[in-house]
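S.K.: pasting a predicted model and its sequence here:
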Amino acid sequence: MKTDEAIHAKLLAYIPLVKFLAQYLGRNSEIVLHDLRNIEHSIVAIENSHLSGRSVGDPLKNLGRFFREQQKVSADFIKPRLTVNEKGQKRKTATYIIKDEDGDVIGLLCINTDLTRFEELRESLDDYILGSVPMQKEEPKLVSLPEGEDDSIKDLTHTIIKETIQNSPVAPSRMTPDEKMMIVDKLNTRGVFLLRGAIGEVARLLETSENSIYRYLGKVSTSGARSS
């Protein structure tokens, strides 16, 4: 277990909040506090861990791929979304992004709610209200991802790509190939291309082809050049 000295000072204030949220939301909601200075042992506080079997000192999984290279993001939270873990259990999850005084991302406060009992209750209510009357139900679209995978990181990816391009003094329609390659280099440095679909998103916003993005990536990777 991490000592208070090993945890980022600002995150210490969130530990009582983890306990408060767990007591308020109940046993169906797991509350997890991550310190992003150590992705491999990021969990510094967790309540209702019976839902995932995780404990203090365990790693941040797939979200870690994204935040490992990120320092500054404009978003304050990752919006609530529905997911399915490897066991087929449906979850509602949301993540609050914790930043320091300089705006650097230092931690995550995650809420993962098991929807199993709520679904059983809904089915019971449907049976009671409708009886034998058939009803067409439109199920919410679920993200079939492993435990901890976060489909909403696409929102953050889009924000980072858009901000990087907007910070350029030249609009994409007027950029030279070298200028576009500089943008690709900056995004590559921030780990954006580790995420599925990033190539197509960057190509769209830079008004170029995916083949061009792959070509730029090949050049910046072999040259080792980095934009200032």
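M.R.: Nice, thanks for sending it over.

S.K.: and residue 83, how far is that from residue 117?
M.R.: 17 Å (C-beta to C-beta, to the nearest Å). Bear in mind the C-beta positions are built from the backbone N, C-alpha and C, glycine included.

S.K.: so between these two, which is more surrounded?
M.R.: The neighbour comparison of residue 83 against residue 117 (other C-beta atoms under 10 Å) goes to residue 83, with 22 against 11.

S.K.: now do the helix or strand hosting the more buried one, average pLDDT.
M.R.: Residue 83 belongs to strand 77-84 when assigned by DSSP states H and E. The pLDDT scores in strand 77-84 average 80.

S.K.: C-terminal to that strand, what's the next element?
M.R.: strand 90-99.

S.K.: helices or strands next to that following strand in the packing?
M.R.: strand 77-84, strand 105-114 (3 or more C-beta pairs under 8 Å, 6 or more residues apart in numbering; DSSP states H and E).

S.K.: to residue 33, which of those strands lies closest?
M.R.: Nearest to residue 33 among those is strand 105-114 (5.6 Å), distances taken as C-beta to C-beta.

S.K.: if we can go back for a sec, out of the helices and strands packed on strand 90-99, deepest packed?
M.R.: The highest mean neighbour count among the helices and strands packed on strand 90-99, using mean count of other C-beta atoms under 10 Å, belongs to strand 105-114: a mean of 20.

S.K.: I'd like the helices and strands packed on strand 90-99 laid out as CSV, including distance to residue 15.
M.R.: Output for the helices and strands packed on strand 90-99, formatted as CSV (distance: least, C-beta to C-beta, whole Å):
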stretch, distance to residue 15
strand 77-84, 19
strand 105-114, 10
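
S.K.: about what we covered before: and the strand holding residue 83, how far out from the chain middle?
M.R.: 9 Å (C-alpha atoms, centre = their mean, to the nearest Å).

S.K.: what about the helices and strands packed on strand 90-99, which gets the closest to residue 209?
M.R.: The nearest among the helices and strands packed on strand 90-99, by C-beta to C-beta, is strand 77-84 at 30.1 Å.

S.K.: what residues go with each domain of the protein?
M.R.: With domains defined by automatic domain parsing, the chain comprises 4-118+141-148, 157-223.

S.K.: partner strands of the strand holding residue 83, with direction?
M.R.: Sheet pairing here is set by DSSP bridges, and for strand 77-84 it gives strand 90-99 (antiparallel), strand 143-144 (parallel).

S.K.: sketch out the low-pLDDT regions of this protein for me.
M.R.: Applying pLDDT under 70 to the chain flags the ranges 1-5, 62-73, 85-86, 130-155, 221-228.

S.K.: can you show me the helices along it?
M.R.: 9-12, 15-25, 62-67, 116-130, 153-166, 177-189, 198-205, 210-223 (DSSP state H).

S.K.: dump the ones you listed to a markdown table, plus distance to residue 43.
M.R.: Converted to a markdown table, the helices of the chain look like this (distance: least, C-beta to C-beta, whole Å):
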| stretch | distance to residue 43 |
| --- | --- |
| helix 9-12 | 11 |
| helix 15-25 | 10 |
| helix 62-67 | 11 |
| helix 116-130 | 23 |
| helix 153-166 | 19 |
| helix 177-189 | 27 |
| helix 198-205 | 27 |
| helix 210-223 | 33 |
